[in-house]
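1. sequence first, predicted model second:
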Amino acid sequence: MRILLTGATGFIGRHLSAALLAAGHEVVCLSRSGKPREDGPRGPLRFVAGDFASMREPAAWSPLLDGIDVVINAVGILREDGDQRFDVLHEQAPRALFDACVKAGVRRVIQISALGADEGARSAYHLSKRVADEHLLSLPLAATVVQPSLVFGPGGASASLFGTWASAPVRPLPGRGGQPVQPIHVDDAVAAIVALVERASHVGLRVPLVGPEPMGLGQFLARLRSALGLGSALVVPVPMPMMRGIASVAGHMPGGLLDRPTLDMLERGNVGDVGPTRELLGHAPRPVEAFFGAQSHRAGPAVVLQWLLPLLRYSVAAVWIVTGVLSFGVYPVADSLALLARLGVHGNFALVLLYGAAAFDLLLGVAVLALRRVPLLWAAQIALILGYTVLITWRLPEFWLHPFGPILKNLPMLAAILLLWAFEDSRWNT
């Protein structure tokens, strides 16, 4: 069949387009640029350019529906950001697309919604999804609304969030961690959608896509940690009033997944009947323990690095920033000048060198936090540390014998910088 897939460059869309190709279908993918992502599936996908947010009238969709057998809408955002708004992306554009499908005589339409977009919906996210769902099911189309639970898989924001959360040696939990979840692996969710395309079953229905069993959030994270081959972690319950305050602050940070509405959705729960998923797959969806498959022995270190590398970056930045601040006068200037005198630097030049070095340290610290993929940044830090080490070895060799090891600590600092440099290479992040 010839399938129009919107949201093809998103998490579910990328996996779904690959699965549809593998099943022998022709896939037309709508994206803003009209081009695939570099980490997207490889194959004979046809990409067409179109700004989903601006396509709010049926006439805008009509040219794309010529010869299309099936339409799948996989567009969705968890949080509003700038011009990415729920009312536009979840309501107006999808309704225009569905109305255009009626006029074009499209045989099959599948809307990827979300579990919780029902009569009990309270969040703007769920309410906006429900508007489009109900509009679609009211039309004379062979339509199905799929409602995935938490979808876990490589490249997904949830996998990054929950994998990092589960792998940390200290695991804070909102309240007692009993929030009900029923996560499904992305491959199972996608396989169920492909089955809906090919069977044309469950017409006029909302179909939950969920894992084999519901569980509490704390249990999910513990099982995920076990699947990664990691030992036990220290669990720290966070009282819900404090958690709500944290979520309120986090909601103002760009790129984050936690805010008050998200926390409220988590509190409400995200579970459903596994029967339809099992029926579509022909078997039970995989449990949490199988989320990483045969690569679980490799997934553990990779997931740990997701939080360890940022921690290492912040630590290196802190060394430079604190060193710069201390050198500006927190540490007695007279003592700093005395050290410089032993290196043969005196007078005004010593002051210029002291404050210049302090400013450069501060600049390096800020650059480590702000810049990405700048090899010269890492090379400059290595060169500076090696220069300091050689100079001190020459003129102040007793620092090698200091019990606090001020010079020996340059060795792990160099190793940390080399590690960050290596993992910042794009070939290590595919």
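-> Noted; the coordinates are in hand.

2. quick one: the one residue sitting closest to the centre of the chain and residue 10, what's the gap?
-> Most central in the chain under C-alpha atoms, centre = their mean is residue 157, positioned 3.0 Å from the mean C-alpha point. Remark: distance between residue 157 and residue 10 (C-beta to C-beta, to the nearest Å) = 10 Å. For glycine as for every other residue, the C-beta is placed from the backbone atoms N, C-alpha and C.

3. do the same with residue 46
-> Residue 46 sits 17 Å away from residue 10 when distances are taken as C-beta to C-beta.

4. quick one: which of the two has more around it?
-> Neighbour tally, residue 46 and residue 10, criterion other C-beta atoms under 10 Å: the higher count belongs to residue 10, 20 against 11.

5. now do the contacts for that one.
-> Residue 10 is in contact with 74-76, counting by C-beta atoms under 8 Å, 6 or more residues apart in numbering.

6. for residue 160, same thing?
-> Contacts of residue 160 by C-beta under 8 Å, 6+ apart are residue 306.

7. what pLDDT does it get?
-> Per-residue confidence (pLDDT) for residue 160: 82.

8. looking at this, it is in a helix?
-> Yes. When DSSP: H, G, I helix; E, B strand; the rest coil is applied, residue 160 is found to be in a helix.

9. for residue 251, give its distance to residue 386.
-> On the measure of C-beta to C-beta, residue 251 and residue 386 end up 44 Å apart.

10. tell me which of these two has more neighbours.
-> Between residue 251 and residue 386, counted using other C-beta under 10 Å, the more crowded position is residue 251 (16 against 12).

11. need the longest helix for this structure.
-> helix 296-325 (DSSP state H).

12. how about the very next helix or strand once past that one: buried residues?
-> As assigned by DSSP states H and E, the chain's next helix or strand after helix 296-325 is helix 333-342. In terms of neighbour count (16 or more other C-beta atoms under 10 Å), helix 333-342 has its buried residues at 336-337, 340.

13. which one of these is nearest residue 222?
-> Nearest to residue 222 among the buried residues of helix 333-342: residue 336, at 50.6 Å, using C-beta to C-beta.

14. any chance of the buried residues of helix 333-342 in JSON lines, with pLDDT and distance to residue 231 too?
-> Output for these, formatted as JSON lines (pLDDT from 0 to 100; distance: C-beta to C-beta, whole Å):
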{"residue": "336", "pLDDT": "92", "distance to residue 231": "45"}
{"residue": "337", "pLDDT": "93", "distance to residue 231": "50"}
{"residue": "340", "pLDDT": "92", "distance to residue 231": "49"}
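
15. residue 153: which of these is nearest?
-> Closest to residue 153, out of all of the buried residues of helix 333-342 and judged by C-beta to C-beta, is residue 336, at 53.4 Å.

16. the closest one reaches residue 326, doesn't it?
-> No. Using C-beta atoms under 8 Å, residue 336 makes no contact with residue 326, being 9.0 Å away.

17. so who does residue 205 touch?
-> Contacts of residue 205 by C-beta under 8 Å, 6+ apart are 144-145.

18. and the gap between it and residue 6?
-> From residue 205 over to residue 6 the distance is 21 Å, taken as C-beta to C-beta.

19. please apply the same query to residue 229.
-> Distance of residue 229 to residue 6, computed by C-beta to C-beta: 38 Å.

20. and if you look at residue 144?
-> For residue 144 relative to residue 6 (C-beta to C-beta), the value is 16 Å.
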